[in-house]
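*Asks:* Sequence first, predicted model second:
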Amino acid sequence: MKLKVGEIVTLKHYSGKKINKGLISEVQSNNIIVRPEKDFLIYSYFVDDPLVLGYENENIVNICEAVVTDINYNKNTISVNIKNIQSLTNKRITQRFPVSLSAYITNDREKSFAYIRNISLDGLSICTKQEKNKGDVINIQTIIENKELVFDAKIMWKKPGKLGFEYGLVFDSVEEEFIENVENCLQYLKMDQENAMDRLKYDFYIHNKKMMTKSIMN
């Protein structure tokens, strides 16, 4: 991981559609501290939330599957653990894609909140306080960029988390049209991350240009 202090990164969280920016203030191995660009954003995050963090290294756009481990409201920073880093360059859309999506697990009697950490054309990783068993088939509802996805998925593995459980699932008895919808959603998310990084580079260029102009005038 080549993240460094002072680097500007993109932040994607399930609480909003917009990809925001943050500034890295500390790096320790796979753990970093980030200050979001706007103070109010800190109140949207909770411990154990999934977060997609994007950065560029040698003209290659990378995205990180990350988890919020701590929140410092006084300093307006979040501590983040990087679980996985993937390059968007030449990335096959069939591979696991880091996301931060809200979702619901439903049955006849109740609807439980959950969030999705990654998704592929085969399945997904989901976290919830609701305990299920390996082999259970559950119904999941989520929305990716205004497209509602409702599907069944079978639990292949489970492990305890800080505030609940994480499950690895495979799609169960879904039609080809559903897989095509998932692929289209993943293509959109990939493009959204790339566009966000382009905007970040442009903002950084404008900032440097203003600083150079100010320095010359002084």
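*Replies:* Yep, that arrived. Residues are numbered from 1 along each chain as shown.
*Asks:* Distance of Cys125 relative to Leu169?
*Replies:* In this structure residue 125 is Ser, not Cys. 7 Å (C-beta to C-beta, to the nearest Å). (Glycine included, C-beta is placed from N, CA and C.)
*Asks:* Of those two, give the one with the bigger neighbour count.
*Replies:* Between Ser125 and Leu169, counted using other C-beta atoms under 10 Å, the more crowded position is Leu169 (25 against 21).
*Asks:* And that one, which helix or strand is it part of?
*Replies:* Per DSSP states H and E, Leu169 falls inside strand 165-171.
*Asks:* Same check on Glu177?
*Replies:* Going by DSSP H and E, Glu177 is in helix 176-217.
*Asks:* for Met156, same thing?
*Replies:* Assigned by DSSP H and E, Met156 belongs to strand 147-160.
*Asks:* what about Ala196, distance to Leu189?
*Replies:* 11 Å.
*Asks:* centroid residue for this protein?
*Replies:* Centroid check for the chain by C-alpha atoms, centre = their mean gives Val52 as the closest residue, at 2.7 Å.
*Asks:* you'd agree that residue is up against Val67?
*Replies:* No. Applying C-beta atoms under 8 Å, one finds Val52 not in contact with Val67, separated by 10.8 Å.
*Asks:* pLDDT on stretch 164-184, on average?
*Replies:* Averaged over stretch 164-184, pLDDT sits at 93.
*Asks:* From here on, call the first residue 547.
*Replies:* New numbering, starting at 547: the last item is stretch 710-730.
*Asks:* if we look at that stretch, which residues are touching it?
*Replies:* With contacts defined as C-beta atoms under 8 Å, 6 or more residues apart in numbering, stretch 710-730 is touched by 594, 639, 663, 665, 667-678, 683-684, 686, 693, 695, 697-706.
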